[in-house]
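[1] When you get a sec, could you give me coordinates for this:
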Amino acid sequence: MSEPQWLEPEQARTWRAYIDASRLLQGAMERQLSRDSGIGFADFEILVALSEAPDRRLRMADVADRIMTTRGGVSRALARLVRAGWAERLGCEDDGRGVWAVLTAAGWDKLVETAPGHVETVRKHLFDALTPAEVSRLGDVLSRVVEHLDPAAAQRALGRPRA
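    Residues are numbered from 1 along each chain as shown. Prediction:
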């Protein structure tokens, strides 16, 4: 067995900072969304994905791809959104096995109500800590990582604003 190629000190520092920042940002967003709107981040992501889709509807598999989670996770989250009246599940006319997730008018209203607090949290905890040049560099770096890991996800993200 060959000796592992350990991270250089600067790589290790960067990796740990990335992990810590990701967890702290995710926690801040979860707390804000739960406190202010009574929803979780996964539910919010689905509302955003549906709001950006043509006719505010996506096939379930496409929702999973957009928010980078499992189909089972999307199914459970969509069930919560359906119970709340914020989404509907509709069968695909052209594919008996396919299911559409559709944003309802109440779901749109919930997103409109929820988005300002979410954006404020993102701005406060991420962008306010950076200069405009750092924001640009961070965006470039993270986009390159996404492209490296999942070129299809990088292509889907092009031109799509994310809250």
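[2] could you pull out the strands for this protein?
    Using DSSP state E, the strands of the chain run over 57-59, 87-92, 95-103.
[3] wait, which of these is closest to Arg66?
    Ranking those by proximity to Arg66 (C-beta to C-beta) places strand 57-59 first, at 7.0 Å. C-beta here means a position set from N, CA and C on the backbone, and glycine is covered the same way.
[4] can you list the residues that contact that closest one?
    Ala49, Leu50, Arg66, Leu90, Cys92, Gly98, Val99, Trp100, Ala101, Val102, Leu103 (C-beta atoms under 8 Å, 6 or more residues apart in numbering).
[5] Tell me which residues of that strand come out buried.
    By 16 or more other C-beta atoms under 10 Å, the buried positions in strand 57-59 come out as Arg57, Leu58.
[6] same thing with stretch 41-59?
    41-50, 53, 56-58.
[7] which helix in the protein runs the most residues?
    The longest helix of the chain (DSSP state H) is helix 9-37.
[8] what's that helix packed up against?
    Secondary-structure packing of helix 9-37 (3 or more C-beta pairs under 8 Å, 6 or more residues apart in numbering; DSSP states H and E): helix 41-52, helix 105-125.
[9] Now render those helices as TSV, adding distance to Gln32.
    Below are the helices and strands packed on helix 9-37 laid out as TSV (distance: least, C-beta to C-beta, whole Å):
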stretch	distance to Gln32
helix 41-52	9
helix 105-125	4
